[in-house]
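Peer 1: Below are the sequence and a predicted model for it; my questions follow.
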Amino acid sequence: MRLSIRHATFQRFAPAAKSMIQSLRLTPRNHEGQHVVHWRIDVDVECRLKPSQDAFGNVVHGFTSYGSLDEVAITAVGEVDTFDTRGVVNNAVERFPPELYLRSTPLTPAGRAREALVGAPSVAQEKEALDRLHALLRALFGGPSPAQQRQESSKGQGEAGKETRAEASSHLFIACARALEIPARYVAGYRLDEAGTRRDGMHGWAEGFVPGLGWVGFDPEHGVCPDDRYVRVAIGLDSLGARAIRCAHSGGGEPVTNVELVVGECRTRL
Amino acid sequence: MTAFDEMTLPDGGARAVYQRLWRWLEGAPSELLSSRRSQAELLFRRIGITFAVYGDKDATERLIPFDLVPRIFAREEWQRLEKGLVQRVNALNMFLADVYGPRDILRAGVVPSDLVYRNPHYRPEMVGHKMPHGVYVHIAGIDIVRVDDKDFYVLEDNARTPSGVSYMLENREVMMRLFPELFHAHRVAPVENYPDALLATLRSVAPVTASADPTVVVLTPGQFNSAYYEHSFLADKLGVELVEGRDLFVRDDIVFMRTTEGPQRVDVIYRRIDDDFLDPLAFRPDSALGVPGLFGAYLSGNVTLANAVGTGVCDDKAIYTYLPEIIRFYLGEEAILKNVPTWRCRDPDALAYVLEHLGELVVKEVNGSGGYGMLVGPHASKGEIASFVAKLNAAPDNFVAQPTLALSTCPTFSESGISARHVDFRPFVLSGADGVRVVPGGLTRVAMKPGSLVVNSSQGGGTKDTWVIDG
């Protein structure tokens, strides 16, 4: 499937900011499940986009800009050919042994995972890593998931309260997998949705490492493994490491951010 | 438990190195010592050397107790210690260059890889970036204890932002004012050149893009930090600017300092801010202490941070237990400074032993520091022990245990005259482009309560001047 993606982020500063520095993880890379046909990033203020790679192999663009900055639009546009690999991610850029992805982070605390696993005895009954991950996916998907409950209860509690649904459910999935000694990580990316094609921000899901198979994606928000509707953009130990845009500014007010994201299928190939 | 006393011999005489001081103390009237003590307190108040105790609401700052009686090392003892420190810090730097580079030591199975990969202070972001001259730990504080007159034991390595060096300098200054006659009688090695050595070290690791006269700054989290006094003291002694995060900014991967004469490029930052707070763009997004974009500039090689990011991995007390193997792996030598025997609670047999013997062991969190979150078995209440049993069972990986060492004692001025108190020692080791150097001295911490083994200033410990003397 060829997906056409347009991801625009508008930041409004009132009063205007004097300077800003941002780092963007908005560029997908190739692996066996996806080929980037073309991709570009536009920033509508005066700046130089400096490309680099972070430690995990994500493509990062950094820029600094000066002057009276009241509105900034950051737009990523491109097309990606995708193939259904049933969630298996082959030949992606890997910089670390899977072991690294066993460490817990503040967003994926081990304590939360233990509680969730107590409520899902089916997971521990499975023997193989792949079966365990699938059982975990089933256990976390549907019903009033612990992820949603927690999101309700943690509203307004700083960083954790800002988690999107996809982030919250993925973080819980990752924490549970790690508690079971299965390396797991966060993936930020795009998803073609059946009902309409607009979302409030980037989608996120998890990947678990299965010996013999490699990294396998699991989308706990939708209860499926990623197929050709998904485009992987960035990975991290949690959503913070894979966040699309990180911005710091001096002067001015806190930015109000709006996102316009359209993921569509290109039906006619030229 | 009888401890080795560094001055008094079992027969009541004094060890050779303390002979002169011992005779002087014997002859000195007690009023003289009391009056010198109140003078010392006055001097410290005037200098303003204070520190803050976290969790103490009453006082934001207080004086650290200072003890008048110096602690003395003979030159020969010092030389052995120095050799061991240089060896150890060299190995630490090579270990860091390796775990952030080819990871040979993990492949060789010398250090279990999960200890590195799962360590919260191991920064994946640093992998593949070489530091100027291969130096990661520019300033190390290695905590040393003695249990006899032969060996030095390393209690822990501080490779992040070790503090306390201002006490070494201030204590010496106060001692020289109060006891000129003692300095006349002893040939005490000077420590006053520490700021020069530190500045030379920092300048030597400036990026290649820096000018011949690189700009060095001290970056502090601000006046609410417990060591703020030391930050401002060091900046003053170094003759460089003391800055907070908001005084710096990054433009196109180059760090600038705001000055009244416009932006000035910064080449080396002696930072006293933890990794997590350095750069809201790269680490904790809620950090208001750091400089956005600093980490990008750092990885681009346009600025040097001292110490490097991610050095905390070798402060880990589980990694510590592997230091003898690490030294053998990189240097092919046996460790000159011994490690305190340590049980790794991650190992089930060790955990079982520790749980059985909690009453006689010191249990430490692998990532703890400053005496917070540790259990001193012999002095713990039943409740404390019970809570540690629960903690150990819940997360054994987080703990190591050590025997309660009979730390050496030194003569210390107390209400009832001179009596022995337990001490430890933190020398400061500098690593730059031209190698490793140690100023002959350091911070001796002393437990002011009789019999107490806890010397941390945050827990009521005091300090002493430390002398290295010839003949």
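Peer 2: Now that the structure is in, tell me what you want to look at. Numbering: from 1, shown residues only, chains lettered A, B, ... in the order given.

Peer 1: For chain B, what's the nearest residue on chain A?
Peer 2: Residue nearest to chain B within chain A: residue A:248 (3.2 Å; CB to the nearest CB). Using the backbone N, CA and C atoms, a C-beta is placed for each residue, glycine as well.

Peer 1: which SS state does that residue fall under?
Peer 2: On the three-state scheme (DSSP: H, G, I helix; E, B strand; the rest coil), residue A:248 is labelled strand.

Peer 1: any idea of the pLDDT on it?
Peer 2: Residue A:248 carries a pLDDT value of 92.

Peer 1: for it, what are its contacts?
Peer 2: Counting by CB atoms under 8 Å, 6 or more residues apart in numbering or on different chains, residue A:248 touches A:20, A:21, A:22, B:280, B:281, B:292, B:293.

Peer 1: Kindly report the same for residue B:22.
Peer 2: Per CB under 8 Å, 6+ apart, neighbours of residue B:22: B:7, B:8, B:14.

Peer 1: now, among the residues you listed, which is nearest to chain A?
Peer 2: Closest approach to chain A among the contacts of residue B:22 (CB to the nearest CB): residue B:7, at 47.6 Å.

Peer 1: Kindly tell me how buried the closest one is, as a neighbour count.
Peer 2: By other CB atoms under 10 Å in any protein chain shown, the residues close to residue B:7 number 22.

Peer 1: One more: residue B:240?
Peer 2: A total of 19 residues lie near residue B:240 under the criterion other CB under 10 Å.

Peer 1: returning to what we had before: now for the contacts of residue A:248: which two are most distant?
Peer 2: The span of those, defined through CB to CB, is set by A:20 and B:280 at 12.3 Å.

Peer 1: Need the per-residue pLDDT for the residue in the stretch 301-450 of chain B that chain A sits nearest to.
Peer 2: Nearest residue of the stretch 301-450 of chain B to chain A, counting by CB to the nearest CB: residue B:395, 8.3 Å away. pLDDT for residue B:395: 84.

Peer 1: residues near it, how many?
Peer 2: Look at residue B:395: counted by other CB under 10 Å, it has 15 neighbours.

Peer 1: Show the average pLDDT along stretch A:171-190.
Peer 2: Rounded mean pLDDT across stretch A:171-190 is 94.

Peer 1: repeat for stretch B:260-272
Peer 2: Averaged across stretch B:260-272, pLDDT comes to 96.

Peer 1: still on that earlier bit, is there a quick PyMOL command that grabs whichever of the contacts of residue A:248 are buried?
Peer 2: Burial among the contacts of residue A:248 is assessed by 16 or more other CB atoms under 10 Å in any protein chain shown; the matching PyMOL selection reads:
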select buried, (chain A and resi 20+21+22) or (chain B and resi 280+281+292+293)
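
Peer 1: Just to be sure, which of the contacts of residue A:248 are found in strands?
Peer 2: Taking DSSP state E, the ones among these that sit in strands are A:20, A:21, A:22.

Peer 1: any idea how far residue A:77 is from the first one?
Peer 2: Okay, so that is residue A:20. Counting by CB to CB, to the nearest Å, the separation of residue A:20 from residue A:77 is 22 Å.

Peer 1: for residue B:138, same thing?
Peer 2: Distance from residue B:138 to residue A:77, counting by CB to CB: 45 Å.

Peer 1: pretty sure residue B:78 is in a strand, no?
Peer 2: No. Residue B:78 is assigned helix when assessed by three-state DSSP, not a strand.

Peer 1: Surely it and residue B:440 touch.
Peer 2: Yes. Counting by CB atoms under 8 Å, residue B:440 is a contact partner of residue B:78 at 5.9 Å.

Peer 1: What score does the closest residue to residue B:258 other than its chain neighbours have for pLDDT?
Peer 2: Nearest residue to residue B:258, sequence neighbours excluded (CB to CB, 6 or more residues apart in numbering or on different chains): residue B:247, at 5.6 Å. Here, the pLDDT recorded for residue B:247 equals 95.

Peer 1: tally of neighbours for residue B:247?
Peer 2: Residues near residue B:247, counting by other CB under 10 Å: 17.

Peer 1: Next one: it from chain A, what distance?
Peer 2: 12 Å (CB to the nearest CB, to the nearest Å).

Peer 1: Output the longest helix belonging to chain A.
Peer 2: In chain A, assigned by DSSP state H, the helix with the most residues is helix A:165-179.

Peer 1: on contacts alone, who are the packing partners of that one?
Peer 2: In terms of contacts (3 or more CB pairs under 8 Å, 6 or more residues apart in numbering or on different chains; DSSP states H and E), helix A:165-179 is packed against helix A:110-118, helix A:129-140, helix A:146-153, strand A:184-191, strand A:203-210.

Peer 1: Go through those and name the closest to residue B:255.
Peer 2: The nearest among the helices and strands packed on helix A:165-179, by CB to CB, is strand A:184-191 at 28.7 Å.

Peer 1: partners of that closest one, with directions?
Peer 2: Looking at strand A:184-191 with DSSP bridges, its paired strands and their directions are strand A:203-210 (antiparallel), strand A:230-236 (antiparallel).

Peer 1: Remind me what the helix or strand encompassing residue B:46 packs against, helices and strands.
Peer 2: Residue B:46 belongs to helix B:30-47 when assigned by DSSP states H and E. Secondary-structure packing of helix B:30-47 (3+ CB pairs under 8 Å, 6+ apart): strand B:62-63, strand B:66-74, helix B:165-178.

Peer 1: which residues of chain B score low on pLDDT?
Peer 2: Applying pLDDT under 70 to chain B picks out residues B:1, B:48-63, B:368-372, B:457-458, B:471.

Peer 1: Can you tell me the centre-most residue of the chain?
Peer 2: Chain wasn't specified; assuming chain A. For chain A, the residue sitting closest to the mean C-alpha position, by CA atoms, centre = their mean, is residue A:188 at 1.6 Å.

Peer 1: not quite, I wanted chain B
Peer 2: Closest residue to the average C-alpha location of chain B: residue B:141 at 3.1 Å, with CA atoms, centre = their mean.

Peer 1: How is that residue assigned, secondary-structure-wise?
Peer 2: Once three-state DSSP is applied, residue B:141 turns out strand.

Peer 1: domain assignment for chain B?
Peer 2: Per automatic domain parsing, the structural domains of chain B span B:16-207+B:303-340+B:405-469, B:343-403.

Peer 1: Could you say which helix or strand holds residue B:421?
Peer 2: Going by DSSP H and E, residue B:421 is in strand B:417-426.

Peer 1: Tell me how far the nearest residue in space to residue B:43 that is not next to it in sequence lies from residue B:47.
Peer 2: Nearest non-adjacent residue to residue B:43, counting by CB to CB, 6+ apart: residue B:174, 5.1 Å away. Distance of residue B:174 to residue B:47, given as CB to CB: 8 Å.

Peer 1: Who has more neighbours out of those two?
Peer 2: Legend: neighbour count by other CB under 10 Å for residue B:174 and residue B:47, higher for residue B:174 (22 against 15).

Peer 1: Correct me if wrong: the more buried one contacts residue B:70.
Peer 2: No. Contact criterion CB under 8 Å: residue B:174 and residue B:70 do not qualify, at 11.1 Å.

Peer 1: so what sits against both of these two?
Peer 2: Residues touching both residue B:174 and residue B:70 (CB under 8 Å, 6+ apart): residue B:465.

Peer 1: coming back round to it: relative orientation of the longest helix of chain A and strand A:184-191 in degrees?
Peer 2: In terms of direction (axes from the mean of the first three to the mean of the last three CA atoms, to 10 degrees), helix A:165-179 departs from strand A:184-191 by 150 degrees.

Peer 1: Give me the buried positions along helix A:165-179.
Peer 2: Quick answer for helix A:165-179 (16+ other CB under 10 Å): A:165-179.
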